[in-house]
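Enquirer: give me a 3D structure for the following:
(2 chains)
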Amino acid sequence: MIRFFLKRLALTIPTFIALMFITFVMLRLVPGDPIEVRRGERGISPERLAQLRHDMGLDQPVWKQFLDYANALLHGDFGTSIVSKSPVLHEFLTLFPATLELTITAMLFAIVLGIPAGVIAASRRGGVYDQTLMGLALTGYSMPIFWWGLILVLVMSNTLHLTPVSGRVDLIKFYYQPVTGFMLIDSLLSGQEGAFMDAVRHLILPMIVLGTVPLAVIARMTRSSMLEVLEEDYVRTARAKGLSWTRIVGVHALRNALIPVVTVIGLQVGGLLAGAVLTETIFSWPGVGKWLIESINRRDYPALQGGIMLIATIVILVNLFIDMLYGLINPRIRHAK
Amino acid sequence: MPSDARLTAPATAPAPPGPLRAFWRAFRENRGAVLGLAVVGFILFVAVFANVLAPYSPIEQFRGFSKLPPFWVEGSDPRFLLGTDAVGRDMLSRLMYGARVSLFIGLSVMVVSMVVGVALGLAAAFFGGVADVIIIRVMDLIMAIPSLVLAILIIAIIGPNLTNTIVAVTIVGLPRYVRLVRASALTELTKDYVTAARVSGVGKFRLMTKTVLPNCVAPLIVQAALGLSDAILEAAGLGFLGLGAQPPTPEWGSMLADTRDLMLSHPWVMAFPGLAILVTVLAINLMGDGLRDALDPRLRRS
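Expert: Residues are numbered from 1 along each chain as shown, chains lettered A, B, ... in the order given. Next up, the predicted model:
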């Protein structure tokens, strides 16, 4: 068991080194020398230039620069944003709860609707429910979510006036100190009347938009996995025993059908963060995805570099965690070569 | 190109022998897949003949005709069937040329990914050792970064334009091709016919391309179809963020981004490009599902 964990852990080390290397190279490839950018139009004295180069470590050999960079990363220094002059890690951590809240609720939305949809489709195989649900799932899977978001805003916010257009909470009506960074929790803690419902109303559309693709994937996966399990002998035994169909599907089959679904859910984490970039841009959701796009537009490359490093790190760690969890649940994987 | 093979399959169905015919029979059973194929064929037709079919140039601005609604809405102009955008460009023409741009991006990504993916996947499977480790590590690294985030990183380095969109989307999707080819090649390599070929003195290169590769093609075609729809979505996403094809190129994603300010007053300007993306991607996915069921029973989702 421990050997499996250690082995899996060791496998991520080269990935990390390569990731550091790529983000390091990236900052040197982007158009615009960091010194040139600071020099501006007024020019700068050669001494000052040399001083700046020395301060930024640019007079060192490249391999030394890389080691310095790697060393800084390992000590939690992800660089400093050119625009805000504050550490990238700090900015990232300030914004990350918003993204986390959005992605977690989107995933819950996808799971809560996707698994029942897949189960219903599988148990009514070939019927109207199956065809309708799977048609919807394929449509959701094919959805350009940025357009889906705009359509929802148009219908729900502008025509029906049910939900606000953007942001996380109505700042004119409600103000409270962030405690956890999760608006749903903070609004409850604040004790202000209506604050929680306001946060929910802000969250609901972005959640649906971001959750649509995972929802479709989970529904499709649950259906096919369920169909496979329903062919198994123990299902026949359960039927012969006289158990009700609901009990067979809901208890006996579902538990086994969920194993591949859990894997698929894990694989969606990267996709969720990618989708968050688009979703946050549409809804002006103050998370890391919107911040990344703004960093590009402001040519704030250190922020972009640090942000990508952090996001990739999160994805790698989540995947590592899922792999280990999977090894824990399923001994066959643990002992596979 | 596999897409051509697929598209001409119906016309040539009686003529070719065995495999293609068998494939078409299996494919035909899936009504959704046939519908998808028909829609993809139609969009491809529009894309190829956009210069003949489109009433106007996609970048010509008609002064005084901006923000016209489509024909079924009051105040439309019969000369502009689907209306015009904010600067008076004909929506229908832009959509038609947009099909050309989107399919061009999608098919380019698909072809390059297939070629590079097959080369790297086969190399990893055949040479093993260090080559295998390096190739697989690099692919793992690409997969560790969320697709759109990596694409954004690449675009930040090489700059936003149509060619670079293709480069970025290709790199992002490459691991799936490489891993697929490597995995199927490794499976095939253990089979007796490969040993037989080896024993009879077939050279390594020939063994790779002529003996093993044809047996890896079925899952590869399925992957190509799904990769095509992913590439179109990915490219449209980049276009929407302003990091894809640059204006005035009529790319569906960037057309959507242009219309955000008009969304409330002129919703149709926003509706059409998104609908075009959705219909195209949905049709390709329907077709892809059918292809998978027909070609690769192992992957069949019953």
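
Enquirer: who are the packing partners of the helix or strand harbouring A:Val262?
Expert: With elements taken from DSSP states H and E, the one containing A:Val262 is helix A:254-283. In terms of contacts (3 or more CB pairs under 8 Å, 6 or more residues apart in numbering or on different chains; DSSP states H and E), helix A:254-283 is packed against helix A:88-123, helix A:145-152, helix A:195-230, helix A:288-297, helix A:301-329, helix B:147-158. Any C-beta I mention is one placed from the backbone N, CA and C, and that applies to glycine too.

Enquirer: out of these, which is closest to B:Val130?
Expert: Using CB to CB as the measure, helix A:301-329 is the one of the helices and strands packed on helix A:254-283 that comes nearest B:Val130, at 22.8 Å.

Enquirer: the residue of the stretch 51-200 of chain A found nearest chain B: neighbouring residues, count only.
Expert: Closest approach between the stretch 51-200 of chain A and chain B, counting by CB to the nearest CB: A:Trp147, at 3.0 Å. A:Trp147 has 26 neighbouring residues, counting by other CB atoms under 10 Å in any protein chain shown.

Enquirer: residue boundaries of the strands in the stretch 51-200 of chain B?
Expert: Ranges of strands in the stretch 51-200 of chain B, per DSSP state E, counting those that start in this stretch: none exist.

Enquirer: residue numbers of the stretch 101-250 of chain B in contact with chain A?
Expert: Contact residues, the stretch 101-250 of chain B versus chain A (CB under 8 Å from any CB of the partner chain): B:137-138, B:140-141, B:143-150, B:152-153, B:155-157, B:159, B:229, B:233, B:236-237, B:240-243.

Enquirer: narrow those residues to just the buried residues.
Expert: B:138, B:140-141, B:143-150, B:152-153, B:155-157, B:229, B:233, B:236-237, B:240-243 (16 or more other CB atoms under 10 Å in any protein chain shown).

Enquirer: related to what we said a few turns ago, for the helices and strands packed on helix A:254-283, which has the smallest mean pLDDT value?
Expert: Mean pLDDT is lowest for helix A:301-329 out of the helices and strands packed on helix A:254-283, coming in at a mean of 83.

Enquirer: doesn't B:Glu60 make contact with B:Pro248?
Expert: No: B:Pro248 sits out of contact with B:Glu60 when judged by CB atoms under 8 Å, with a separation of 9.7 Å.

Enquirer: pLDDT below threshold where in chain B?
Expert: B:1-18, B:296-302 (pLDDT under 70).

Enquirer: quick check: the residue of it nearest chain A.
Expert: For chain B, CB to the nearest CB, closest residue to chain A: B:Gly274, 3.0 Å.

Enquirer: and that residue, how many neighbours does it have?
Expert: 24.

Enquirer: packing partners for the strand or helix carrying it?
Expert: Per DSSP H and E: B:Gly274 is located in helix B:267-295. On a contact count with 3+ CB pairs under 8 Å, 6+ apart, helix B:267-295 meets helix A:128-141, helix A:145-152, helix B:18-28, helix B:31-48, helix B:91-127, helix B:217-240, helix B:252-258.

Enquirer: make a markdown table from the ones you listed and add distance to A:Arg48 to it.
Expert: Output for the helices and strands packed on helix B:267-295, formatted as a markdown table (distance: least, CB to CB, whole Å):
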| stretch | distance to A:Arg48 |
| --- | --- |
| helix A:128-141 | 56 |
| helix A:145-152 | 45 |
| helix B:18-28 | 70 |
| helix B:31-48 | 56 |
| helix B:91-127 | 46 |
| helix B:217-240 | 39 |
| helix B:252-258 | 41 |
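
Enquirer: nearest to A:Met1, out of those?
Expert: helix B:91-127 (29.8 Å).

Enquirer: I figured B:Leu153 was touching B:Pro146, is that so?
Expert: No: if you go by CB under 8 Å, B:Leu153 and B:Pro146 don't touch, sitting 10.2 Å apart.

Enquirer: distance between the ends of stretch A:168-181?
Expert: 11 Å (CA to CA, to the nearest Å).
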